[in-house]
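Novice: pasting a predicted model and its sequence here:
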Amino acid sequence: MFAIWEENRMATRVLGDKTPYEILYGFKPSVDYLKVFGCPCYVLKLVVKRRKLDQKVDLRILIRYSTKSKACKIYDLKFNKVIARDVKVAECVTWN
């Protein structure tokens, strides 16, 4: 589903280097919300799962977007993959 959604926002030669979205609506789609894969990101911990002096965020790695919801697939270095919604991506920061 996400692949079709992305394909509708990519230019093709058949349409004269325009996107299907642009042909349908008359203006180019915004893709500012897309982030670079492999970037470090900060996932907010739930208030229920943290104590007073605990950190509010965990550092993880953005892997991909979820096809079933508005979440992102995040890789936790300690555990397996996790789906999380409250994510802030740091695109300017390099991963060491």
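Specialist: Nice, thanks for sending it over.
Novice: which strands or helices does the longest strand seen in the chain pack on?
Specialist: What stands out as the longest strand in the chain, according to DSSP state E, is strand 57-65. The helices and strands touching strand 57-65, judged by 3 or more CB pairs under 8 Å, 6 or more residues apart in numbering; DSSP states H and E, are strand 40-44, strand 72-75, strand 81-84, strand 87-89. (Each C-beta comes from the backbone N, C-alpha and C, glycine too.)
Novice: report the buried residues of it.
Specialist: Asp58, Arg60, Ile61, Leu62, Tyr65 (16 or more other CB atoms under 10 Å).
Novice: quick one: the first one and Asp76 touch, right?
Specialist: Yes - counting by CB atoms under 8 Å, Asp58 does reach Asp76; the two are 7.2 Å apart.
Novice: can you show me the CA trace of the longest strand of the chain as CSV?
Specialist: Provided in CSV are the C-alpha atoms of strand 57-65 (Å, rounded to 0.1, in the frame of the first residue of the first chain):
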residue,chain,number,x,y,z
VAL,A,57,13.4,9.2,25.2
ASP,A,58,15.4,6.3,23.9
LEU,A,59,17.9,6.5,21.0
ARG,A,60,17.0,4.1,18.2
ILE,A,61,17.5,3.8,14.4
LEU,A,62,14.8,4.5,11.8
ILE,A,63,14.4,1.5,9.5
ARG,A,64,11.3,2.1,7.4
TYR,A,65,7.7,3.3,7.5
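Novice: right, I'll call it a day here.
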